[in-house]
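model this:
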Amino acid sequence: MSTENTSAPTFRYSAVTFDCPDPAELARFYSEILGLPVILSTDHFVLLGQEGAAGLGFNYLADYRRPTWPDSSQEKQAHIELGVDDLDAAQTHLLSLGAAKPEFQPDPDRWRVLLDPAGHPFCISTLV
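This is a model prediction of the structure:
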């Protein structure tokens, strides 16, 4: 029986990646919102981020199918929550950048559900 101490490997959260039909377009949208620069770009992948911080990636998927939220026939593949100071101002700004607002809003006085240009739902809230 070995008495050697073995430690677990160290893990770091490094990025979340969204599948989409146009990585450059979706990266532009989130770069505008979050103020993150492109740190890696290829024909099929774009990564936003800053040194020492987790990033946000966008991966080309040829047969990408948009989520149909709130209809569950094509489930959402990911969901981001963004904290904001003013829901109305943030929503107006995001819509001007290419977001869409679905008709169904579960609790619009507390948070808003919007769709990015590839159809991924994301929320803005003053609670975060």
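
Of all the residues in stretch 40-49, which ones are buried?
Within stretch 40-49, the residues that count as buried by 16 or more other C-beta atoms under 10 Å are 46, 47, 48, 49. Using the backbone N, CA and C atoms, a C-beta is placed for each residue, glycine as well.

chain center to that stretch, what's the gap?
14 Å (C-alpha atoms, centre = their mean, to the nearest Å).

So what touches that stretch?
15, 17, 23-24, 26-27, 30-31, 34, 36-39, 55-60 (C-beta atoms under 8 Å, 6 or more residues apart in numbering).

Show the end-to-end separation of it, please.
One end of stretch 40-49 to the other measures 9 Å (C-alpha to C-alpha, to the nearest Å).

Sitting in strands, which of the contacts of stretch 40-49 do you find?
15, 17, 38, 39, 55, 56, 57, 58, 59, 60 (DSSP state E).

ok, the fourth one - contacts?
Residues near residue 39 by C-beta under 8 Å, 6+ apart: 47, 48, 49, 50, 55.

how near is the last one to residue 93?
To tie it back to what came earlier, the one meant is residue 55. 22 Å (C-beta to C-beta, to the nearest Å).

Quick check: chain neighbours aside, which residue is closest to the residue positioned nearest the centre of the chain?
Note on the chain: the residue nearest the mean C-alpha position is residue 80, at 4.8 Å, using C-alpha atoms, centre = their mean. Residue nearest to residue 80 in three dimensions, not counting chain neighbours: residue 122, with 4.3 Å by C-beta to C-beta, 6 or more residues apart in numbering.

Now do the SS call for that neighbour.
Under DSSP: H, G, I helix; E, B strand; the rest coil, residue 122 falls in the strand class.
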